[in-house]
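Q: Let's see this in three dimensions:
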Amino acid sequence: MKFNKIIAAFGLTMALLVQSCSDVIDVEPEFSKDGSQIFNTLNDYQFALTGAYALFRQVGYFGSGGQTTSSWANLPDMMTDNLVQTGEDLANWQIQVNWLYNSAESDVEIAWISAYSVVAQANLVLRGIDKFAATDAARVNRIKGQALAIRAMAHFDLLRYWGEDYDRNSTTRGVPYVTEVNIEAKPARLNVKQTWDKIFEDMLAAETALASATGINSSSDRSYIDVTVVRALLARMYLYAKDYSRAESYATLAITAMPLASKTNFPNIWKDASVAEVIWAVSFSPGEGSPSTGLHNASANRNRFRPQIQLEATYDQVNDIRFASYFVTRNSNGGTPRRIVAKFFSRTTTPDNLVNWKAIRTGEMYLIRAEARALQAGKEADAMADLNTLRDARITGYVNQNLTGSALIDAIALERRKELVGEGHRWFDLKRTTKTINRPDFLLASTVKDLAPAAKEWTWPIPQAELDANANMKGQQTAGYN
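A: Here you go, the predicted model:
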């Protein structure tokens with residue numbers, strides 16, 4: 001499938017030339033100017049920071065438009081066993097669903113360029129901002145901390161698809177890490193350890209910069225990155241890197257700052273009627289696309305992917321508040337009932353897919369902490385306590401369990417699947433734990449049923465256009481691809 005909006009310019013360095021101006025950053029249409037010419041006040045830097053947030057809404061990141069979906073929103077569920085491709089998709093996502101991509105696949109290119117365009121915008125924000133530190137250090141730290149976190153997160157997301165593994169000290173291939181505004185630069189592909197080093201350097205600097213910043217978010221708006229968001233992202237990153245002690249510590253900080261939603265409030269999260277337990281959400285307004293029209297296009301009543309039957313069967317369908325919040329039956333235009341993922345249906349009863357993207361929630365923090373504790377000696381009881389706490393918050397009449405060993409690890413993995421379905425985690429969870437994808441439930445004869453842990457498809461190929469444009473990427477194609 002081809003995205004409706006293909007960016008013609010390519011190459012890592014070209015990301016600097018395709019900055020999305022959006023409605024909020026239409027200061028000038030060209031961002032290839034020298035930074036000193038356009039950022040003369042901290043207001044200019046703040047304006048550019050707003051542009052970095054806007055780029056999260058682009059097609060290829062969290063946004064989608066028309067018949068497309070986004071690389072870090074629903075696609076990681078579509079590519080696994082959480083969702084089942086239907087005939088209503090008209091084979092648009094055959095390549096991704098069946099892992100048939102190669103270095104010439106345009107959707108792989110778009111995911112690559114969209115992430116690096118976010119990086120480039122963050123670098124524009126960081127360029128030269130320290131010259132204002134002597135006059136307004138607090139505001140500099142506030143802007144700088146958000147930009148550093150944005151830059152690190154985009155590189156982390158790139159590592160999730162293009163990293164050959166996630167181990168903290170791995171010398172397998174990672175991704176290029178771009179830290180400067182230089183259209184002549186041709187960055188090389190780092191190994192995984194080097195990539196992690198730079199991600200954590202940026203994230204820890206962001207935590208320091210934002211530690212005393214207040215008022216970034218309000219009680220009703222979680223659209224920006226504050227210190228709680230940074231700590232929640234660090235918990236996620238450290239879990240991937242298998243640094244379980246730090247994952248536990250940062251998840252605890254996030255949980256303390258943002259408690260779980262009540263059973264009454266939980267359904268309101270998905271209608272944007274509540275920000276309970278929403279640590280960070282990417283804000284969408286009318287006309288800015290949606291994170292989910294490629295999954296279930298609500299206004300067109302087109303259900304491209306339905307939930308897997310076996311997944312739905314794992315819920316207590318009477319008492320688990322998630323079941324009715326996540327899945328509903330909707331008739332097709334011809335009256336045929338079919339199951340849909342309802343998380344992204346609408347803020348109101350109007351079917352428009354217009355909801356904010358919940359990038360990170362407290363529910364995930366409990367599962368991160370549970371997994372991190374279960375994988376540390378002597379902490380299984382604490383891990384089980386976290387799992388029981390989350391389940392009790394979701395399931396009326398829940399009775400605590402007491403699991404240990406592999407049964408506990410498996411229960412946490414299943415709870416991640418149930419809690420986070422449709423939110424862009426399943427592919428990466430299976431990749432980082434080296435699991436097999438098995439699809440007993442399918443509708444199309446073309447569906448590939450299994451993907452083994454050692455398959456090359458778990459790591460995406462570097463786009464050929466990048467290899468052609470960047471001499472320092474020569475010989476750095478992902479293993480298994482030409």
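Q: State the number of residues packed around Arg168.
A: When neighbours are counted by other CB atoms under 10 Å, Arg168 registers 16. From N, CA and C alone the C-beta is placed, and that goes for glycine too.
Q: quick one, what contacts the closest residue to it other than its chain neighbours?
A: Counting by CB to CB, 6 or more residues apart in numbering, Ala241 is the residue found nearest to Arg168 once chain neighbours are left out, at 4.1 Å. Contact analysis of Ala241 by CB atoms under 8 Å, 6 or more residues apart in numbering lists Tyr166, Asp167, Arg168, Trp196.
Q: ok, now how distant is Ala241 from Gly424?
A: 19 Å (CB to CB, to the nearest Å).
Q: quick one on the thing from earlier: please flag which of the contacts of Ala241 sit within strands.
A: Under the assignment DSSP state E, the contacts of Ala241 contribute nothing to strands.
Q: any chance of those residues in JSON lines, with distance to Ala152 and pLDDT too?
A: JSON lines is the format used below for the contacts of Ala241 (distance: CB to CB, whole Å; pLDDT from 0 to 100):
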{"residue": "Tyr166", "distance to Ala152": "15", "pLDDT": "98"}
{"residue": "Asp167", "distance to Ala152": "18", "pLDDT": "97"}
{"residue": "Arg168", "distance to Ala152": "15", "pLDDT": "98"}
{"residue": "Trp196", "distance to Ala152": "10", "pLDDT": "99"}
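Q: For the residues you listed, pick the one with the most neighbours.
A: Busiest of those [other CB under 10 Å] is Trp196, holding 27 neighbours.
Q: Sort out which residues of stretch 171-185 are buried, please.
A: For stretch 171-185, burial by neighbour count (16 or more other CB atoms under 10 Å) applies to Arg173, Gly174, Val175, Pro176, Tyr177, Val178, Thr179, Val181.
Q: chain center to that stretch, what's the gap?
A: 20 Å (CA atoms, centre = their mean, to the nearest Å).
Q: how much space is there between the nearest residue to Met203 once chain neighbours are set aside and Tyr366?
A: The shortest distance from Met203 to any non-neighbouring residue, by CB to CB, 6+ apart, is to Ala152 (4.7 Å). Using CB to CB, Ala152 is found at 23 Å from Tyr366.
Q: again with Gln96
A: 30 Å.
Q: Would you state the strands of the chain in chain order?
A: Taking DSSP E as the criterion, the chain carries its strands at 83-85, 278-282, 296-297, 302-303, 305-307, 327-331, 337-341, 357-361, 437-438, 450-451.
Q: Of those, which is nearest Asn123?
A: strand 278-282 (19.8 Å; CB to CB).
Q: in that closest one, what counts as buried?
A: Going by neighbour count (16+ other CB under 10 Å), the buried part of strand 278-282 is Val278, Ile279, Trp280, Ala281, Val282.
Q: okay, now Lys418: neighbour count?
A: So Lys418, with other CB under 10 Å, has 21 neighbours.
Q: my guess is it meets Glu312, correct?
A: No. Using CB atoms under 8 Å, Lys418 makes no contact with Glu312, being 9.7 Å away.
Q: quick one: contacts for the residue nearest the centre of the chain?
A: Residue closest to the mean C-alpha point of the chain, counted by CA atoms, centre = their mean, is Trp72 at 4.3 Å. Taking CB under 8 Å, 6+ apart, we find Trp72 in contact with Tyr61, Phe62, Asp157, Arg160, Gly424.
Q: Kindly indicate the member of those residues with the most neighbours.
A: Phe62 (28 neighbours).
Q: Could you list the low-confidence segments of the stretch 1-150 of the chain?
A: For the stretch 1-150 of the chain, residues meeting the criterion pLDDT under 70 lie at 1-37, 65-69.
Q: how about 50 then?
A: For the stretch 1-150 of the chain, the stretches with pLDDT under 50 are 1-11, 13-14, 16-33.
Q: follow-up on the earlier one: comparing Gln96 and Tyr366, which residue is more hemmed in?
A: Tyr366 (26 against 23).
Q: I'd like the contacts of Trp72 as a markdown table, with distance to Ala445 appended.
A: Shown next, in a markdown table, are the contacts of Trp72 (distance: CB to CB, whole Å):
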| residue | distance to Ala445 |
| --- | --- |
| Tyr61 | 32 |
| Phe62 | 32 |
| Asp157 | 33 |
| Arg160 | 31 |
| Gly424 | 27 |
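Q: In the stretch 251-400 of the chain, mark out all the helices, start to finish.
A: With DSSP state H, counting those that start in this stretch, the ranges of helices along the stretch 251-400 of the chain come out as 266-269, 309-312, 321-326, 362-374, 380-394.
Q: Return the most buried member of the ones you listed.
A: Highest mean neighbour count of these: helix 362-374, a mean of 26 (counted as mean count of other CB atoms under 10 Å).
Q: Which residues does that one contact?
A: With CB under 8 Å, 6+ apart, helix 362-374 has contacts from 232, 235-236, 238-239, 244-245, 247-248, 251-252, 254-255, 258-261, 277, 279, 379-380, 382-384, 386-387, 389-390, 408-409, 412-413, 415-416, 419-420, 425.
Q: Please state the offset of stretch 139-155 from the chain centre?
A: The answer for stretch 139-155 is 17 Å, by CA atoms, centre = their mean.
Q: if we can go back for a sec, going by distance to Gly287, which of the contacts of Ala241 wins?
A: For those, the nearest to Gly287 is Tyr166 (36.7 Å; CB to CB).
Q: so how far is Leu260 from the closest one?
A: For Tyr166 relative to Leu260 (CB to CB), the value is 27 Å.
Q: And Glu380, by the same measure?
A: Taking CB to CB, one finds Glu380 at 22 Å from Leu260.
Q: now for the contacts of Trp72, which pair is the farthest apart?
A: Every pair of the contacts of Trp72 checked by CB to CB; the farthest is Phe62 and Arg160, at 13.8 Å.
Q: list the contacts for Tyr45?
A: Phe39, Val125, Ile129, Phe132, Ile143 are the contacts of Tyr45 under CB under 8 Å, 6+ apart.
Q: brain fart, Leu148
A: Applying CB under 8 Å, 6+ apart to Leu148 gives the contacts Ala122, Leu126, Asp202, Met203, Ala205, Ala206, Ala209.
Q: Not counting residues beside it along the chain, what's closest to Gly60?
A: Ser114 (3.3 Å).
Q: these two touch, right, that neighbour and Ser64?
A: No. Using CB under 8 Å, Ser114 is not in contact with Ser64; the gap is 11.4 Å.
Q: neighbours around the spatially closest residue to Ile150 that is not a sequence neighbour, how many?
A: Spatially, and ignoring its direct neighbours in sequence, Ile150 is nearest to Ala122 (4.5 Å; CB to CB, 6+ apart). For Ala122, the neighbour count with other CB under 10 Å is 28.
Q: go on, the one 3 residues further on?
A: With neighbours defined by other CB under 10 Å, the count for Val125 comes to 27.
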